[in-house]
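**Q** Sequence and predicted structure are below.
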Amino acid sequence: MNTLASSSIAAPGEPAAPSRATPAVPAVASSAWQRRLPLSLAIAALFGWLLWSVSARQALLLLVGVGLGATLAAARFGFTTGWRVLVEKRDPSGVYGQIVLLGLLAALSMPIVSHYAETTAALGPLSVSLLVGAFVFGLCMQVADGCGSGTLYKAGLGVPLNMAVLPMFVLGSFVGSVQLNDWLALGALPAVGLVQRWGMGGALAATLAGLVVVTWIIGRWSGQPFNVRRIPRRWLWGALALAVFAALNLFIAGQPWGIVYGFGLWGAKAATALGVFDPTANAFWSDPGHAERLRETLLLDVTSITNIGILAGALWVAAGRQQTAKSLSGTQWLIGLVAGFLLGYSSRLAFGCNVGAMVSGISTGSVHGWVWVPLAFAGTLVGLRVRRRFF
């Protein structure tokens, strides 16, 4: 590009040479695809190996994860950014995009949960841990510049802070799972599922009505009522693609799209392998279902395989782009890493992040998702102050 740019600048007294920028576009596109080719072959090879050696379900879920990661990265569909721009600039475009995602996904997911007994909703108990975890998560996602999905896809894009936050998120999720039962002992009510209580029609009507009310409140506060024509296309096509892939995840895996459990499992496996953790002595990991996943390969865990796919999908998008990163001070790195640990810890207490609690919770009719949102948003208001102070 520098050669082309310099060749279009005329010497003094000479007429300007015709611009050659246009012919360079195909070359740039070709170069991007060349950089993506090795990763594409690696993804295809992993898909084939999973299909042959593990199961068709896991192979398909890998592709679902790749689609989720590529969509998140290409559309820059950031839940954290959408909330931050709403508060700081009173621009609701990103949040409107998230509301579109919730409405579309609810319309796809609730019929699946209602008609297929083998599928489950993303239910979480109404607990003290939910209240604390959602608030802390909302605070820390602004400091670490990413929620669960944001950390994954930005790590795949090669953003240094998010790459460093990811292992801290894993560690925090593991520690949170170890201590979850102690938090639940502080007080918890049973999970409430709208589909189970009101049926698919009633649950979907109530969910869409709730989203309309939230949209109206945001429009009144921001001074920008909902108008689909004013929402940037990346938020709209991103919402549509994410809704389709998340619904496919529910149909294929039998459970909604999640992220946090996979992180906790990675941490538990690492701690067990190092001999620093005895899962049989812990209430969470001695549960038969969790103990079985801990014994099995990660490639059999549905959340882990989609997480791997998200990283691969984001990395595929990054391979065709030139990435820039802002340098950080030592203090900023330290704060970011602490925030990453607390992201993992708090998301486990809250039974999910923006994906597991908000997107999957609300779209499958879990009341805990509706509780999570205002508490996480309150935490975001505090987190933005911390972000402005240190970043």
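**A** That came through fine. Numbering: from 1, shown residues only.
**Q** hey, where'd the helices end up in the stretch 51-200 of the chain?
**A** 56-75, 79-89, 93-115, 128-144, 148-157, 160-184, 194-222 (DSSP state H, counting those that start in this stretch).
**Q** Dump the ones you listed into a markdown table; add distance to Asp301 and mean pLDDT as well.
**A** For every residue, glycine as well, the C-beta is placed using N, CA and C. Compiled in a markdown table, those are given as follows (distance: least, CB to CB, whole Å; pLDDT from 0 to 100):
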| stretch | distance to Asp301 | mean pLDDT |
| --- | --- | --- |
| helix 56-75 | 9 | 97 |
| helix 79-89 | 23 | 97 |
| helix 93-115 | 21 | 98 |
| helix 128-144 | 22 | 97 |
| helix 148-157 | 15 | 93 |
| helix 160-184 | 13 | 97 |
| helix 194-222 | 25 | 97 |
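**Q** For Gln34, find the nearest of these.
**A** Among the helices of the stretch 51-200 of the chain, helix 56-75 comes nearest to Gln34, with 17.7 Å by CB to CB.
**Q** circling back to that earlier point, need the helices of the stretch 51-200 of the chain in JSON lines with distance to Ala291, can you?
**A** Formatted as JSON lines, the helices of the stretch 51-200 of the chain follow (distance: least, CB to CB, whole Å):
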{"stretch": "helix 56-75", "distance to Ala291": "20"}
{"stretch": "helix 79-89", "distance to Ala291": "32"}
{"stretch": "helix 93-115", "distance to Ala291": "26"}
{"stretch": "helix 128-144", "distance to Ala291": "21"}
{"stretch": "helix 148-157", "distance to Ala291": "24"}
{"stretch": "helix 160-184", "distance to Ala291": "12"}
{"stretch": "helix 194-222", "distance to Ala291": "27"}
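**Q** any chance of those helices in TSV, plus distance to Leu381 and mean neighbour count?
**A** Output for those, formatted as TSV (distance: least, CB to CB, whole Å; neighbours: other CB atoms under 10 Å):
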stretch	distance to Leu381	mean neighbour count
helix 56-75	24	23
helix 79-89	7	19
helix 93-115	14	22
helix 128-144	8	25
helix 148-157	18	27
helix 160-184	21	21
helix 194-222	13	16
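**Q** looking at those helices, which is closest to Arg293?
**A** helix 160-184 (11.5 Å).
**Q** how close does Thr119 get to Ser55?
**A** In this view, Thr119 and Ser55 are 17 Å apart by CB to CB, to the nearest Å.
**Q** Need the pLDDT of the residue nearest to Gly369 when sequence neighbours are not counted.
**A** The shortest distance from Gly369 to any non-neighbouring residue, by CB to CB, 6 or more residues apart in numbering, is to Gly361 (2.6 Å). For Gly361, the model assigns a pLDDT of 98.
**Q** Send me the one helix or strand Gly361 maps to as CSV with only the CA atoms.
**A** For Gly361, the element it lies in under DSSP states H and E is helix 360-363. Presented in CSV, the C-alpha positions along helix 360-363 are these (Å, rounded to 0.1, in the frame of the first residue of the first chain):
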residue,chain,number,x,y,z
SER,A,360,-29.7,-17.5,26.8
GLY,A,361,-31.5,-16.9,30.1
ILE,A,362,-34.0,-14.4,28.7
SER,A,363,-34.5,-16.1,25.4
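**Q** So which bits of that helix are buried?
**A** 360-363 (16 or more other CB atoms under 10 Å).
**Q** Now do that helix: which elements does it pack against?
**A** helix 93-115, helix 367-390 (3 or more CB pairs under 8 Å, 6 or more residues apart in numbering; DSSP states H and E).
**Q** Output those in TSV, with distance to Thr280 appended to each entry.
**A** Shown next, in TSV, are the helices and strands packed on helix 360-363 (distance: least, CB to CB, whole Å):
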stretch	distance to Thr280
helix 93-115	33
helix 367-390	29
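**Q** So which of those is nearest Met200?
**A** Of the helices and strands packed on helix 360-363, nearest to Met200 by CB to CB is helix 93-115, at 3.6 Å.
**Q** relative to helix 56-75, how tilted is that closest one?
**A** Orientation of helix 93-115 against helix 56-75 (axes from the mean of the first three to the mean of the last three CA atoms, to 10 degrees) gives an angle of 160 degrees.
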